[in-house]
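# The sequence and its predicted three-dimensional model are supplied below.
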Amino acid sequence: MPHQPQQGPADRRFDPQGLGLRDDDAQRPLRRNLRSGCGGSRPDPKPGLLNQQRRGIGAVAVPILDSEGAMPLTLSIFGMQHRFDNAMLARALPMLRPTATSIAQILTR
């Protein structure tokens, strides 16, 4: 009997609607960042408890895709929001993207 890979969340394609993301003001920045290949923490345009819990944290992430286009992992850097400026992103993204590509190549072996 051939080996049957286990199915799980990492085996699914990225599908914003499937994750319950709506095209409203609170979700547009996240969807735009995920489509462009970099995630990030942004304050909610609608203030609330979640916004207060996230305040002060910044993050940038790049997807790690497998050979079928699924996103089993992301590679991210996070820390204090005031350090996540354009200069930091200009330094971080050129390191994150090739590292994510290397990990993806290992996953597809």
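Great, that's in hand. Values in this document were obtained by computation on a predicted structure and should not be read as measured data. Numbers count the residues shown, from 1 in each chain.
# Show me what counts as buried in stretch 56-65.
58-65 (16 or more other C-beta atoms under 10 Å). Any C-beta I mention is one placed from the backbone N, CA and C, and that applies to glycine too.
# Show only the entries of the residues you listed found in helices.
Under the assignment DSSP state H, the buried residues of stretch 56-65 contribute nothing to helices.
# In those residues, find the pair that's most separated.
The largest distance within the buried residues of stretch 56-65, taken as C-beta to C-beta, falls between 58 and 65 and amounts to 23.9 Å.
# picking up where we left off before, now distance to residue 109 and pLDDT too, for the buried residues of stretch 56-65, in JSON lines please.
As requested, the buried residues of stretch 56-65 are arranged in JSON lines below (distance: C-beta to C-beta, whole Å; pLDDT from 0 to 100):
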{"residue": "58", "distance to residue 109": "34", "pLDDT": "82"}
{"residue": "59", "distance to residue 109": "29", "pLDDT": "84"}
{"residue": "60", "distance to residue 109": "27", "pLDDT": "86"}
{"residue": "61", "distance to residue 109": "23", "pLDDT": "88"}
{"residue": "62", "distance to residue 109": "20", "pLDDT": "89"}
{"residue": "63", "distance to residue 109": "19", "pLDDT": "90"}
{"residue": "64", "distance to residue 109": "14", "pLDDT": "89"}
{"residue": "65", "distance to residue 109": "14", "pLDDT": "85"}
